[in-house]
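Enquirer: Turn this into a model:
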Amino acid sequence: PIKRGDKVLEITGPACAILSGERTALNFLQYMSGIATLTNKFVTFTNNGRTKVYDTRKTTPGYRELAKYAVRCGGGANHRMGLYDKALIKDNHLKFVKDLTAEISEFRKKYKNISVEVECENIKQVKQALDSKADIIMLDNTAFENTKKMIDLIRKSSRKEYKPEIEISGGVNLKTAKKFARLDVDRISIGMITHSSSALDVTLEITIK
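Expert: All right, here's what the predicted structure looks like:
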């Protein structure tokens with residue numbers, strides 16, 4: 001944590017080298033610090049001891065590793081790095097699926113160590129996700145009252161041998177994140193922490209000795 005006016009770091013060396021690398025170094029530092037700062041705001045707002053703040057894959061091309069590192073520095077967690085480390089079945093995928101339970105069962109035979117997450121926008125889809133025993137059920141772009149109803153259904157359907165994680169996502173901001181966190185869900189994923197964070201104001205000041 002830093003406050004306005006703090007010295008973040010100090011470097012020494014030839015003036016030409018320092019000035020040549022100034023803009024690039026500041027770009028990285030400002031970009032990543034902005035992500036870490038916004039992430040930490042969300043973490044502070046949703047700090048109920050249970051709900052974790054996650055990022056998404058909405059990152060600038062080529063910067064994903066850096067952006068997700070910055071999220072961790074801000075106290076958040078990484079959702080997934082790509083399409084290879086978790087199966088996320090979204091609304092567009094569901095349109096092609098006739099039997100979700102069968103599809104997920106077949107997937108698990110091939111990929112035993114990869115968790116399966118299903119994105120749901122209504123009660124019907126939540127029931128499908130529960131029947132298929134999805135590891136994570138994401139409630140996406142749903143109003144607060146509808147979200148609450150779906151969470152109640154998931155918790156009533158949970159058993160000792162099957163208890164899916166609950167994730168809230170879709171257009172979450174600082175105000176709604178605090179409200180959703182009261183529902184005591186496992187995770188809230190927020191795209192804006194990587195795609196809409198403001199760069200931190202950092203400058204380089206030269207001191208000649």
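Enquirer: Scan the chain for its longest helix.
Expert: Using DSSP state H, we find that the single longest helix of the chain is helix 15-45.
Enquirer: got a list of what the residue most central in space within the chain touches?
Expert: The centroid of the chain falls nearest to residue 55 when counting by Cα atoms, centre = their mean (1.8 Å). Taking Cβ atoms under 8 Å, 6 or more residues apart in numbering, we find residue 55 in contact with 39, 67-68, 71, 76-79, 189-191, 193-194. Every residue, glycine included, has its C-beta placed from N, CA and C.
Enquirer: which intervals of this structure have sub-threshold pLDDT?
Expert: Within the chain, the segments meeting pLDDT under 70 span 48.
Enquirer: can you give me the strands for it?
Expert: Here the chain has its strands, by DSSP state E, at 52-54, 87-89, 116-120, 136-140, 165-169, 187-189.
Enquirer: quick one on the thing from earlier: can I get the contacts of residue 55 in JSON lines including neighbour count?
Expert: Below are the contacts of residue 55 laid out as JSON lines (neighbours: other Cβ atoms under 10 Å):
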{"residue": "39", "neighbour count": "26"}
{"residue": "67", "neighbour count": "24"}
{"residue": "68", "neighbour count": "22"}
{"residue": "71", "neighbour count": "30"}
{"residue": "76", "neighbour count": "26"}
{"residue": "77", "neighbour count": "15"}
{"residue": "78", "neighbour count": "16"}
{"residue": "79", "neighbour count": "24"}
{"residue": "189", "neighbour count": "23"}
{"residue": "190", "neighbour count": "30"}
{"residue": "191", "neighbour count": "17"}
{"residue": "193", "neighbour count": "30"}
{"residue": "194", "neighbour count": "26"}
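Enquirer: With respect to residue 27, which of the residues you listed is nearest?
Expert: Checking the contacts of residue 55 against residue 27 by Cβ to Cβ gives residue 67 as the nearest, at 13.2 Å.
Enquirer: and that closest one, how far is that from residue 190?
Expert: Per Cβ to Cβ, to the nearest Å, residue 67 is found 13 Å from residue 190.
Enquirer: so how far is residue 56 from the closest residue to residue 80 other than its chain neighbours?
Expert: Excluding its sequence neighbours, the residue lying closest to residue 80 (Cβ to Cβ, 6 or more residues apart in numbering) is residue 86, at 4.3 Å. As defined by Cβ to Cβ, residue 86 lies at a distance of 12 Å from residue 56.
Enquirer: And those two? Which one has more around it.
Expert: residue 56 (18 against 15; other Cβ atoms under 10 Å).
Enquirer: Start from the N-terminal end of the protein and give the helices.
Expert: 15-45, 64-73, 91-94, 100-110, 123-131, 144-157, 174-181, 192-195.
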